[in-house]
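>>> Below: sequence and its predicted model.
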Amino acid sequence: MPLAQTAVVEVGDLNIINDAGNPSDGLRYLDMSYSDGLSQAAALANAQATYANARIATASEFDDLFAAAGITYNSSYTASDGFLSTGFPYHILSTGANYDSASLLFALGATVPGDEFGNNPEVVIFTDPDGSNNSATTQDILGLYLQGAELIQVPWTVPKDQAGWLLVSEATVVPVPAAVWLFGSGLIGWTSRHGKAQDSSLIMPFRDGPSGPFSYVGYVCLCGKTEVDKEPGNGKLPPETFRLVDPNITKH
């Protein structure tokens, strides 16, 4: 389910913040399928097999994702409080008009799929699990549900089925041979002459290094395809297969 009216762009198994005012602008949040049911070390190894620089999201990056998704809070507690001892074992973070109608839940991919009718899917994300539900210890999980988001302390042992970790990856630009640049220039020129310079199949977000600007640029697949995998599981090539060919094309 696409994230509507938010600053999060879905590209295959990535959810990318596209908001110049957000501290995590350009950061890529991985689908929960990379970490569901795994220990933190195993989740990192699984993600790094596809995205070499994948890592665990920081507390502030939880808040940044919520902000980009348009989720606001019912009280002073925020997503990053999942890493703190709050003195209470349960906090409702967002419901009703403050919530995003579960768009982020579906974008990240439910770790609890719900019943056969699609009822009650959930995303369960570990924050700072310590195996205790003592209110003097840190919160353990952040839950995204159809009706809202909450923090909970649970005495779970990690790993846990149907729970995972919030993983992120910095985008990088990979240099390509001059021949590919020439091919890309010709391809983009052809599409421009045919009124398709803004064809979404040639446009994909990237971030120019860990601290560079986030923008939209023309990409070409080195295997000859020119499609960007916009939805997980549709058989197209992953975004990492695509390489920059023209930094002057911008998304309209």
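Received, thanks.
>>> where does the stretch 101-250 of the chain dip in pLDDT?
For the stretch 101-250 of the chain, applying pLDDT under 70 flags the ranges 116-118, 172-250.
>>> List the contacts of residue 31.
Contacts for residue 31 (CB atoms under 8 Å, 6 or more residues apart in numbering) come out as 13, 14, 15, 108, 109, 232. C-beta coordinates here come from the backbone N, C-alpha and C atoms, glycine included.
>>> Surely residue 123 is in a strand?
Yes. According to DSSP: H, G, I helix; E, B strand; the rest coil, residue 123 belongs to a strand.
>>> gap between it and residue 111?
Using CB to CB, to the nearest Å, residue 123 is found at 6 Å from residue 111.
>>> Can you pick out the residue with more neighbours from these two?
Ranked by neighbour count (other CB atoms under 10 Å), residue 123 and residue 111 place residue 123 first, with 26 against 23.
>>> Contact partners for that one?
32, 104, 105, 108, 109, 110, 111, 112, 143, 144.
>>> Looking at those, which are in strands?
Per DSSP state E, strands hold the following members of those: 143, 144.
>>> Can you select the buried ones among the contacts of residue 123 for me in PyMOL?
Those of the contacts of residue 123 that count as buried under 16 or more other CB atoms under 10 Å are selected in PyMOL with:
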select buried, resi 32+104+105+108+109+110+111+143+144
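>>> From the contacts of residue 123, which land in helices?
104, 105, 108 (DSSP state H).
>>> So which of those is the closest to residue 36?
residue 108 (10.3 Å; CB to CB).
>>> So that closest one is in contact with residue 144, correct?
Yes. Using CB atoms under 8 Å, residue 108 makes contact with residue 144 at a distance of 7.3 Å.
>>> can you map out the helices along the stretch 51-200 of the chain?
For the stretch 51-200 of the chain, the helices defined by DSSP state H, counting those that start in this stretch occupy 59-68, 103-108, 178-193.
>>> Name the surrounding residues that touch the shortest one.
Under the criterion CB under 8 Å, 6+ apart, residues 1-4, 6, 8, 10, 15, 29, 31-32, 65-66, 69, 71, 121-123, 144-146 lie in contact with helix 103-108.
>>> could you redo the contacts of residue 123 as CSV and give each row distance to residue 81?
Output for the contacts of residue 123, formatted as CSV (distance: CB to CB, whole Å):
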residue, distance to residue 81
32, 21
104, 17
105, 19
108, 19
109, 24
110, 23
111, 21
112, 22
143, 14
144, 15
